[in-house]
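Participant: This is a predicted model, with the sequence first.
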Amino acid sequence: MKKLTTLFLSCLLIFGCAKAQYVNIPDSNFRAYLKSMYPAAFNASDLMDTTNSIIVNETSLTIQKITAGVNSGTYEVGGLQYFKNLKSVYFQNIYNCGNINFNNGELPNSLDTIQFGGVTVTFNNTVLPTQLQAFINHSCSISGAVTFPSTLTYFDYEGSRSTYWSPEPVLPNGLVTFRAVYLIGFKPSLPLPTALKNLDLSDSWGVSDFSSLILPNTLQTLNFSNIPAANNNGNALVLPTLPSSLISLDITNSITNCLPILPNGLQTLNTQGTGLTCIPNKPLAINNSLLVCNANNNNGCTVYGVNNYVNIPDSNFRSQLKYYFPNAFNTNNQMDTTNTDILTATSLSIGSTTGTSTVAGTYGIWGLQYFKSLQSLWLGRINRSCLTF
């Protein structure tokens, strides 16, 4: 008897002879779909064995419409949480834009990618998996409260001339790519993640004035293409202030009258089909054939590119500004007053010994007036010098 007991325990510890654990999958259609995919995991009573190796080791799952002729209904996914190693799940064409509901605990924490296509999604105060990296939505609509984890880096919301998520979800600040296209009435007041690098708002309907949109200083690519005035009550596209970090701007086929100042580091500018007749300034890497706007430009755009370089009289102050804003100065040590770094700087510290002379004397700060967004100014440690205003 002792030998049999020892043998049984060895089986459990070494070979994993665990007892099957059967659960009911509440939604009959979801149960039928899982049974069709994993028949060996179900018993005669249609209960699923949560310890079955096929269920436990599955890494990718596509859940599709399984009931012929059904065009409406609600689909529940309770039971999906038993797929402990699932990395990606794709909900595709369930009930032809029918409803799929998500409650807490129904999605395994192992998921790094969730994708929807051709469904109507409702979240019920759902906390999404803690390892989620990509959320891709090409569905009919999404609604309901949801909490995204800090691990999310890619968010793709492609509507079909539909409205944006309601209520609007809070996206983590670590998000790298935000794509919200083919939407009606996207709100420019929506706060964007602070570390965002790529933003795509192409094919927007019902809104053309994005001047209030605050772009983060980390943004590298911006897409406002295919926003025709005909879809926005005849109104031309109005862009927000562009950050100095931007390297690519695409407004192809979006009727636009004027552009804001272009960052000096901009490398790609696509303006085909926009109706633009001039641009405000021309960064070094831009080969666009459009000329810089002059005072007689047809659209009445603000003229930035004429005589925009000024000399900073005080050599110490000039040296310090050049140290902090090297891209704003040309080879003649003149400062570009239209440089994005100068126009968007909100704080400035003057008087640090870094980059300035150690000789005592008079220190002039003429040129500070070109910092249009400056909110705080620190003056000090100017090496026994006197400030002149």
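Facilitator: Here it is on my side, so go on.
Participant: can I get the CA coordinates of stretch 217-229 in CSV?
Facilitator: Presented in CSV, the C-alpha positions along stretch 217-229 are these (Å, rounded to 0.1, in the frame of the first residue of the first chain):
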residue,chain,number,x,y,z
ASN,A,217,7.1,67.6,-27.0
THR,A,218,8.0,64.0,-27.8
LEU,A,219,5.9,63.7,-31.0
GLN,A,220,7.8,62.7,-34.1
THR,A,221,5.2,61.9,-36.8
LEU,A,222,1.8,63.6,-37.3
ASN,A,223,-0.8,62.6,-39.9
PHE,A,224,-3.8,64.8,-40.8
SER,A,225,-4.2,63.5,-44.3
ASN,A,226,-7.5,63.0,-46.2
ILE,A,227,-9.6,65.5,-44.3
PRO,A,228,-11.5,67.2,-47.1
ALA,A,229,-13.3,70.4,-46.4
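Participant: What are the buried residues along that stretch?
Facilitator: Neighbour counts using 16 or more other CB atoms under 10 Å place 218, 219, 220, 221, 222, 223, 224, 225, 226, 227, 228, 229 of stretch 217-229 among the buried residues. Bear in mind the C-beta positions are built from the backbone N, C-alpha and C, glycine included.
Participant: so what are the domain limits for this protein?
Facilitator: Using automatic domain parsing, the domain parsing of the chain gives 17-292, 309-388.
Participant: quick one: average pLDDT of the shortest one?
Facilitator: Per-residue pLDDT over domain 309-388 has a mean of 76.
Participant: picking that back up, could the buried residues of stretch 217-229 be laid out in a markdown table, adding pLDDT?
Facilitator: Rendered in a markdown table, the data for the buried residues of stretch 217-229 read as follows (pLDDT from 0 to 100):
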| residue | pLDDT |
| --- | --- |
| 218 | 97 |
| 219 | 97 |
| 220 | 98 |
| 221 | 98 |
| 222 | 98 |
| 223 | 98 |
| 224 | 96 |
| 225 | 95 |
| 226 | 93 |
| 227 | 88 |
| 228 | 77 |
| 229 | 75 |
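Participant: circling back: worst mean pLDDT among the domains of the chain?
Facilitator: In terms of average pLDDT, domain 309-388 trails the rest of those, at a mean of 76.
Participant: hmm, back to that, with distance to residue 300 added, can I get the domains of the chain in JSON lines?
Facilitator: As requested, the domains of the chain are exported to JSON lines (distance: least, CB to CB, whole Å):
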{"stretch": "domain 17-292", "distance to residue 300": "8"}
{"stretch": "domain 309-388", "distance to residue 300": "18"}
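Participant: Those domains: which one's closest to residue 298?
Facilitator: Between residue 298 and the domains of the chain, the shortest separation by CB to CB is 5.2 Å, and it involves domain 17-292.
Participant: Skipping adjacent residues, who's closest to residue 312 in space?
Facilitator: Setting aside the residues directly before and after it, residue 312 is nearest to residue 318 in space (CB to CB, 6 or more residues apart in numbering), at 3.8 Å.
Participant: how about the helices of the stretch 1-150 of the chain, start to end?
Facilitator: 2-10, 28-37, 53-57 (DSSP state H, counting those that start in this stretch).
Participant: Show me which residues of the last one are buried.
Facilitator: Taking 16+ other CB under 10 Å as the neighbour-count basis, helix 53-57 is seen to contain the buried residues residue 55.
Participant: Which strands or helices does that helix pack on?
Facilitator: Using 3 or more CB pairs under 8 Å, 6 or more residues apart in numbering; DSSP states H and E as the contact criterion, helix 53-57 has no neighbours among helices and strands.
Participant: what comes into contact with it?
Facilitator: Counting by CB atoms under 8 Å, 6 or more residues apart in numbering, the neighbours of helix 53-57 from elsewhere in the structure are 38, 40, 41, 48, 49, 50, 82, 83, 84, 85.
Participant: Disregarding residues adjacent in the polypeptide, which is nearest to the second one?
Facilitator: It refers to residue 40. Take residue 40 and drop its neighbours on the chain: the residue closest to it by CB to CB, 6+ apart is residue 54, 6.3 Å away.
Participant: What separation do you get for the one you found and residue 276?
Facilitator: Using CB to CB, to the nearest Å, one gets 58 Å for the distance from residue 54 to residue 276.
Participant: Check residue 173 too.
Facilitator: 34 Å.
Participant: quick one: which of these two has more around it?
Facilitator: Looking at residue 173 and residue 276 with other CB atoms under 10 Å, you find the greater number of neighbours at residue 276, namely 22 against 13.
Participant: Which strand residues bridge the nearest residue to that one once chain neighbours are set aside?
Facilitator: Nearest residue to residue 276 in three dimensions, chain neighbours excluded: residue 256, at 5.6 Å (CB to CB, 6+ apart). Beta-bridge pairing for residue 256 (DSSP bridges): residue 237.
Participant: Hmm, residue 256 is touching residue 275, no?
Facilitator: Yes: using CB atoms under 8 Å, residue 256 is in contact with residue 275, at 6.6 Å.
Participant: what's the overlap in contacts for these two?
Facilitator: Common neighbours of residue 256 and residue 275 (criterion: CB under 8 Å, 6+ apart): residue 236.
Participant: Look at the two and report which has more neighbours.
Facilitator: Between residue 256 and residue 275, counted using other CB under 10 Å, the more crowded position is residue 256 (20 against 14).
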